[in-house]
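S.K.: Have a look; sequence and predicted model below, questions after that.
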Amino acid sequence: MEESRFASQVEITLELDDPEDPAAYRHAVARKLKVGTEDLGPLTLIKRSLDARRGRVQFHVLFSLGEKSPAELDAGMVPREATRNSRILIVGDGPAGLFCAYELARQGIAATVIDRGKMVQPRRRDLKLLNARGGVDADSNYCFGEGGARTYSDGKLYTRSHKRGPVRDVLEVLHLHGAPAQILTDARPHIGSNLLPEVIAALRERLVCAGVRFEFQTRLVGIETEGRGADRRVAGARLQDVETGETRGVETSSLILATGHSARDIFELAHELGLPMEAKGFALGVRIEHPQALINEAQYGRHAGHPKLGAASYKLAEQVEGRGVFSFCMCPGGWIVPAMTDVEHLVVNGMSLSKRDSPFANSGLVVGVEVDDLRALGLGDPLGGIELQRRVEGAAQAAGGGQNRAPAVRVTDFIAGRTSSTLPDTSYLPGLSSADLDGVLNAGGLPLARRMREGLAGFGRRMKGFLSEEAVLVGVESRTSAPVRILRDSRSFESPGLAGLFLAGEGPGYAGGIVSAAVDGMRVAASVAERDRKQEGLNREGAS
């Protein structure tokens with residue numbers, strides 16, 4: 001909905017025990033503006049946030065005075081049936097690729113989307129194997145498959161950007177396809193890893209009706225080029241059927257790489273093609289898990305247990321030796337899950353279901369890794385960060401002892417520099433193994449354990465109970481973001497080394513979550529559509 005249809009915005013505050021309904025909002029806005037409720041036009045709630053310490057709920061409301069403003073979704077929200085069948089190929093069906101296809105469809109252009117993984121429903125079976133200490137399907141796991149890495153391991157829609165313009169657009173599209181209405185207003189919106197797959201499937205079904213084609217279990221293994229030097233451009237792609245191993249060539253003039261942060265073969269392919277790329281900073285560490293009740297008490301104080309207050313979250317950060325130590329992707333009422341993409345390495349991540357009703361709270365607890373750190377280790381080339389990740393992930397797999405078990409230590413023991421004789425209960429289904437996490441974290445050659453220990457000491461001073469005997473560190477959280485950036489032009493989003501190759505989302509290094517990746521995918525789509533229209537015009541001129 002266009003916010004320009006409204007006169008202005010106002011902030012109102014209600015007590016925790018006050019009713020939350022349209023009448024309450026209307027009376028509060030009228031009282032704040034000192035007007036009668038009959039003088040107000042329709043209201044739209046755009047943000048809801050809790051101030052649990054003070055026992056209040058704050059709202060941002062769009063209002064008009066005596067002016068009607070329709071609440072229905074803009075008709076342009078829905079893609080129309082494609083009028084042009086293009087040769088546009090999108091690689092990756094995560095939020096960047098999916099919303100890139102969606103935006104193209106809204107402009108009447110049908111693209112083809114490929115993904116190495118499976119559709120959301122069959123993907124569930126492979127995740128069950130991971131959680132049951134089974135093997136790892138290298139192409140269908142928590143990182144690869146329809147919806148991308150965050151479909152089954154996140155569901156968070158947090159972003160630093162305001163919920164206006166393209167961000168609001170993304171939220172409206174998700175709501176249109178089944179996401180709960182609260183994502184349009186909550187300060188920290190969350191769909192839930194149980195509901196997000198259904199939303200992703202509904203998006204795909206709508207796009208198929210509009211003419212978009214999807215090919216799953218299809219891997220990009222090569223990019224065909226023509227021309228030389230500054231005139232080099234995309235001519236086609238080599239695709240491989242994951243099940244049979246057969247390859248085929250397809251023609252394409254616009255290829256969009258929207259692969260995620262774990263598609264290491266794509267980084268290697270880009271490097272072999274000589275595309276401009278560079279190492280970039282990322283973060284590496286563990287998951288920390290507490291009883292959710294402990295976090296609720298620390299964050300809500302005397303209001304803990306109030307029916308309007310869900311599972312509490314937190315966000316903590318410290319600076320240690322010039323590097324950030326911080327919480328990341330906090331999952332209140334959540335689960336720790338195995339997120340590796342092969343059997344030689346072990347990776348964990350966090351997720352929450354929509355109800356956030358697990359008895360545990362977990363968060364990434366990570367240390368910043370800068371390009372200077374990689375250079376000091378002799379890993380300064382563009383793929384150096386991947387090598388560091390592999391070293392630490394390999395050490396975690398060995399320390400866990402196999403069967404997807406994860407190395408772990410109580411927080412109090414880690415602070416004291418010792419392993420744990422016993423471990424607390426955990427949400428991590430494959431199970432934990434008591435291990436020397438110092439050795440795991442430092443396996444890459446950086447003093448990550450020391451920096452994490454000092455950061456934890458700071459967290460303990462800031463949040464009562466954080467350094468509890470009941471808290472456990474679980475290793476390792478290493479896929480926080482891509483450690484590589486494939487360079488692109490700031491206006492066209494094309495690779496300066498290969499015309500027709502567009503870079504989108506988290507994998508190439510331009511986003512960091514569902515919403516930011518989706519927004520980036522739409523921006524790339526707009527550039528691709530403009531290029532497609534120009535090419536179509538040139539073709540018509542040539543034909544005449």
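M.R.: Cool, got the structure. All figures in this text were calculated on a predicted structure; none of them were measured in a lab. Numbering: from 1, shown residues only.
S.K.: Please report the distance of residue 273 from residue 498.
M.R.: The span separating residue 273 from residue 498 equals 7 Å under the rule CB to CB, to the nearest Å. Placement of C-beta: from N, CA and C, glycine included.
S.K.: List the residues that are in contact with both of those two.
M.R.: 223, 225 (CB atoms under 8 Å, 6 or more residues apart in numbering).
S.K.: which of those two has more neighbours?
M.R.: residue 498 (20 against 17; other CB atoms under 10 Å).
S.K.: measure the nearest residue in space to the more buried one that is not next to it in sequence to residue 494 for me?
M.R.: Nearest non-adjacent residue to residue 498, counting by CB to CB, 6 or more residues apart in numbering: residue 232, 5.6 Å away. Distance from residue 232 to residue 494, counting by CB to CB: 12 Å.
S.K.: Likewise for residue 29?
M.R.: With distances taken as CB to CB, residue 29 is found 47 Å from residue 494.
S.K.: again with residue 294
M.R.: In terms of CB to CB, residue 294 sits 50 Å off from residue 494.
S.K.: and residue 268, how many neighbours?
M.R.: Applying other CB under 10 Å, we find 14 residues neighbouring residue 268.
S.K.: Am I right that it falls within a helix?
M.R.: Yes. Secondary structure of residue 268 (DSSP: H, G, I helix; E, B strand; the rest coil): part of a helix.
S.K.: Touching, it and residue 383? I think so.
M.R.: Yes. Using CB atoms under 8 Å, residue 268 makes contact with residue 383 at a distance of 7.0 Å.
S.K.: which residues touch the residue nearest to residue 335 when sequence neighbours are not counted?
M.R.: Counting by CB to CB, 6+ apart, residue 427 is the residue found nearest to residue 335 once chain neighbours are left out, at 4.2 Å. Taking CB under 8 Å, 6+ apart as the contact definition, residue 427 lies against 289, 334-336, 358-360, 362.
S.K.: just the buried members of the residues you listed?
M.R.: Buried residues within the contacts of residue 427, counting neighbours by 16 or more other CB atoms under 10 Å: 289, 334-336, 358, 360, 362.
S.K.: from those, which ones fall inside strands?
M.R.: Of the buried ones among the contacts of residue 427, the ones assigned to strands by DSSP state E are 289, 334-336, 360, 362.
S.K.: May I ask which helix or strand encompasses the nearest residue to residue 458 once chain neighbours are set aside?
M.R.: The shortest distance from residue 458 to any non-neighbouring residue, by CB to CB, 6+ apart, is to residue 318 (3.9 Å). Residue 318 belongs to strand 317-320 when assigned by DSSP states H and E.
S.K.: cool, residue 490 as well?
M.R.: In this structure, residue 490 sits in neither a helix nor a strand according to DSSP H and E.
S.K.: Can you check the pLDDT for residue 73?
M.R.: Looking at residue 73, its pLDDT stands at 38.
S.K.: repeat for residue 67
M.R.: So residue 67 comes in at 45 (pLDDT).
S.K.: What count of nearby residues applies to the closest residue to residue 364 other than its chain neighbours?
M.R.: In this structure, residue 364 finds its nearest non-sequential neighbour in residue 328, 3.5 Å apart by CB to CB, 6+ apart. Neighbourhood size, residue 328 [other CB under 10 Å]: 19.
S.K.: What of residue 35?
M.R.: Around residue 35 there are 14 other residues, counting by other CB under 10 Å.
S.K.: Check the gap between the residue nearest to residue 445 when sequence neighbours are not counted and residue 387 for me.
M.R.: Distance criterion CB to CB, 6+ apart; nearest residue to residue 445, sequence neighbours excluded, is residue 377 at 4.8 Å. Counting by CB to CB, the gap between residue 377 and residue 387 amounts to 9 Å.
S.K.: on that earlier part again, so the residue nearest to residue 335 versus residue 352, what's the distance?
M.R.: According to CB to CB, residue 427 stands 10 Å off from residue 352.
S.K.: Quick check: end-to-end length of stretch 114-125?
M.R.: By CA to CA, to the nearest Å, the extent of stretch 114-125 from end to end equals 20 Å.
S.K.: Neighbours of the closest residue to residue 407 other than its chain neighbours, how many?
M.R.: Nearest non-adjacent residue to residue 407, counting by CB to CB, 6+ apart: residue 435, 3.4 Å away. For residue 435, the count of nearby residues is 23 (other CB under 10 Å).
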